[in-house]
Structures are given as structure tokens and as C-alpha cells.
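>>> structure here, sequence nowhere to be found:
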């Protein structure tokens, strides 16, 4: 089993109520209609807390941070949920360091309004700078 999968399994064992499959179907079942349509991404795990009106996602990152395209799709889901007065949290675990980061509504608001394009551009600049480094 890959280390990525081991981290996910460990997280699921320590956090009952989280699942790996069926996010779109479960959101639509809780809401009673097709809220999100096609998601376009699959989180490593999720939890829907009806009492807190919150969808929680888990991503285990390896060499790079969550891809900008995936973050953009998560922002789309956040916007759908926010329009229904639901919140969304993203827990990210770094595969190598074990560090945990939680992205909440405030960060998704910032990403939605002005961050994704800037984030994508900064990643592109970083990749360009790294490709110009001399090879040792």
C-alpha cells in the first residue's frame, strides 16, 4: 500500500464518520436535490456534518500542494454550499512532514474572489524559476 493511502487509512481510523467515496451523492441526498452537479474532483476523504451545516474535505499532499485546478473546483463547491448557508473546510496533510493545515470559509472566500488566478500565476513563476536553476 502506498504511503499516501496509509495516511488516509490512518486518518479514517482516527476520525469516524469520514468516508472516501460518494461526496456528490451524499451532498445531494442531504440537500434533497442536485446541488453541485458534476464535482470534477475527488477528495481523499470527506465528512458531512448536518448539525453544523459543514462539508469537510481531506487532501493528503505529496510533493506539491493541492493543484490549482483542484482548488478551483473546490472553490466552486464552496460557492454552491455557501449560497445555501453551509460552510466547507479543507484539511490538508503533508505526506512528508505530517503537518496539517485547515482551510476554512474565510480562505475559500479569498481564493474565490482574488486568489486562484494569483495562486496559479505564482506557481507558474515558481516552476519557471526552478526550471532556470542550473543542474548540479
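Nice, thanks for sending it over. The shown structure was predicted, so the numbers you read here are calculated from the model rather than taken from an experiment.
>>> contacts and neighbour counts: CA atoms only from here.
Fine.
>>> bridging residues for the residue nearest the centre of the chain?
Against the mean C-alpha coordinate of the chain, by CA atoms, centre = their mean, the closest residue is residue 90 at 4.9 Å. For residue 90, the beta-bridge partners under DSSP bridges are residue 57, residue 103.
>>> and the closest residue to residue 12 other than its chain neighbours, how many residues sit next to it?
The spatially closest residue to residue 12, leaving aside those adjacent along the chain, is residue 18, at 6.1 Å (CA to CA, 6 or more residues apart in numbering). Using other CA atoms under 10 Å as the criterion, residue 18 is surrounded by 18 other residues.
>>> wait, what's in contact with residue 18?
For residue 18, the contacting residues are 12, 45-48, by CA atoms under 8 Å, 6 or more residues apart in numbering.
>>> skip the chain neighbours and tell me the closest residue to residue 28.
Excluding its sequence neighbours, the residue lying closest to residue 28 (CA to CA, 6+ apart) is residue 34, at 5.0 Å.
>>> any idea which element the one you found lies in?
Element membership for residue 34 (DSSP states H and E) is empty, with no helix or strand holding it.
>>> next one: it from residue 107, what distance?
Counting by CA to CA, to the nearest Å, the gap from residue 34 to residue 107 is 25 Å.
>>> what's the answer for residue 26, then?
From residue 26 to residue 107 the distance is 24 Å (CA to CA).
>>> which residues in the protein form helices?
3-14, 23-31, 68-82, 105-110, 116-132 (DSSP state H).
>>> mean pLDDT lowest where, among those helices?
The weakest mean pLDDT among these belongs to helix 116-132, with a mean of 53.
>>> so the residue nearest to residue 28 makes contact with residue 80?
No: contact status for residue 34 versus residue 80: not in contact, 10.8 Å apart, counting by CA atoms under 8 Å.
>>> can you tell me which residues contact the closest residue to residue 102 other than its chain neighbours?
Spatial nearest neighbour of residue 102, excluding adjacent residues (CA to CA, 6+ apart): residue 91 at 4.4 Å. Counting by CA under 8 Å, 6+ apart, residue 91 makes contact with 56-59, 100-103.
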